[in-house]
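> next come a sequence and a model predicted from it.
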Amino acid sequence: MDSSPSGQKHKGTNISNAVDATAPSAHAVDIQVHKIDGERLTASVIPGQTTGQDIGVQLNLGAQAEESFLASASGDKLGMTQNTSTVTQKMIDESTGGRWSLLRVGVQVNILAGLEKGNVQNYNPDQPTALIISGDCLEANLIPQLIRKGANMGDHMDYHMAQSPGQGNFMDAHKIRMYNDITWQGDCNIVCVAVANFPHPRAYSECPEDVQPFSRENVHEYVGKYRLAMDAVHHHCTRPFEQFATVPMGTMMGHIKWGEHEFLLSQLVPQLKGYLSEIVPVKNLDFLVYDEKWVEALSHGADEVVM
């Protein structure tokens, strides 16, 4: 992100104040920007000409511009003050059907990848961490790995997050299983585990009207699985936590439509950054990516990749 000053002040909200509308390449496109509080705004941009600062003026951000940046659906960033980087046609194309988000400065998403760094059994976060995983019918295959790591999982409770997004109409689609009583043999900063509920793999063939694999058509429901679990942690984790950690969920057992894995994973970091911007002071997310073939797709918008 280019932080050099633009040296130019703009007045009003008309895009013509910021760019030369008579230039041969000038063609304004409206983009929808989602603010942290859920409000949706519209900005007019010209590829190759409109800067983040221009957009900040259009959106009347005022003092908020200093604390914000604009993220495209693919994770490209534009600062809202003293910034000469411009919106590109590629950003616009990749955000078609996605979303532009106005995020707070300071949100950090890291990809920890490979057999060592991306292995849940090797994960030792520095901060108190809420771990989010998936389970078919709430039975998670990563729980035994945590036990081998030295966890005594203790009791669990299931919470129905009725006001949060979920997948389809299958029973308990909105349910999250919370492990809040974890104790460790040795030191580990994982303080709770949230298990997002996926249907039994047979449901996709036996109940096709109620359960469909995730695809680009219902990408919001896929991202919603992570947000659902984060909501549950936010409301029901009984111990203080400072960050989230998670894994690429649903990549096996037919939960994702064939050929759609890379697209769905590419949407996660940009959209989850938007969610993290809404939760203060939780601004950090570690992705544990054991299978390196998903790293490239997940890296869109990530701040650091460690292998």
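Everything's here; your move. This one's a predicted model, so the numbers in the text were calculated from it and none came from an experiment.
> what residue ranges in the stretch 201-307 of the chain score low on pLDDT?
By pLDDT under 70, the weakly predicted segments of the stretch 201-307 of the chain are 280.
> contacting residues around the spatially closest residue to Q185 that is not a sequence neighbour?
What sits nearest to Q185 in space, not counting adjacent residues and going by CB to CB, 6 or more residues apart in numbering, is G150, at 3.8 Å. In short, each C-beta sits where N, CA and C put it, glycine included. Remark: with contacts taken as CB atoms under 8 Å, 6 or more residues apart in numbering, G150 is in contact with 184-186, 188.
> repeat that for 6 Å
Going by CB atoms under 6 Å, 6 or more residues apart in numbering, G150 touches 184-186.
> just L78 next, same as before
By CB under 6 Å, 6+ apart, the contact set of L78 is 52, 70, 85.
> can you classify S266 by secondary structure?
Secondary structure, DSSP: H, G, I helix; E, B strand; the rest coil: S266 is helix.
> isn't it up against L298?
No: at 7.3 Å, S266 does not count as touching L298 under the criterion of CB atoms under 6 Å.
> from D155, how far out is the most centrally placed residue in the chain?
What sits nearest the mean C-alpha location of the chain, by CA atoms, centre = their mean, is L272, with 1.6 Å. Separation of L272 from D155 (CB to CB, to the nearest Å): 28 Å.
> contacts only, for Q243.
Applying CB under 6 Å, 6+ apart, the residues contacting Q243 are 127, 129, 284.
> bridging residues for it?
Beta-bridge pairing of Q243 under DSSP bridges involves T129.
> now do L78
L70.
> can you tell me how far D54 is from I31?
Distance of D54 to I31, computed by CB to CB: 12 Å.
> please say which of the two ends up with more neighbours.
Shown here are D54 and I31; by other CB atoms under 10 Å, D54 has more neighbours (27 against 20).
> shouldn't the more buried one be within a helix?
Yes: under three-state DSSP, D54 sits within a helix.
> tell me which of the contacts of L78 is nearest to P213?
P213 has its nearest neighbour among those in L70, at 31.9 Å by CB to CB.
> and which of the contacts of G150 is nearest Y222?
W184 (31.2 Å).
> name the nearest residue to the closest one, ignoring sequence neighbours.
Nearest to W184 is G150, by CB to CB, 6+ apart, at 5.3 Å.
> could I get the pLDDT score of the one you found?
Looking at G150, its pLDDT stands at 96.
> the stretch 201-307 of the chain: helices as residue ranges?
Along the stretch 201-307 of the chain, counting by DSSP state H, counting those that start in this stretch, helices occupy 203-206, 219-236, 261-278, 295-298.
> can you check what angle separates the third one from helix 219-236?
Regarding helix 261-278 and helix 219-236, their directions subtend 40 degrees when assessed with axes from the mean of the first three to the mean of the last three CA atoms, to 10 degrees.
> if anything else comes up later, I'll come back, but that's it for now.
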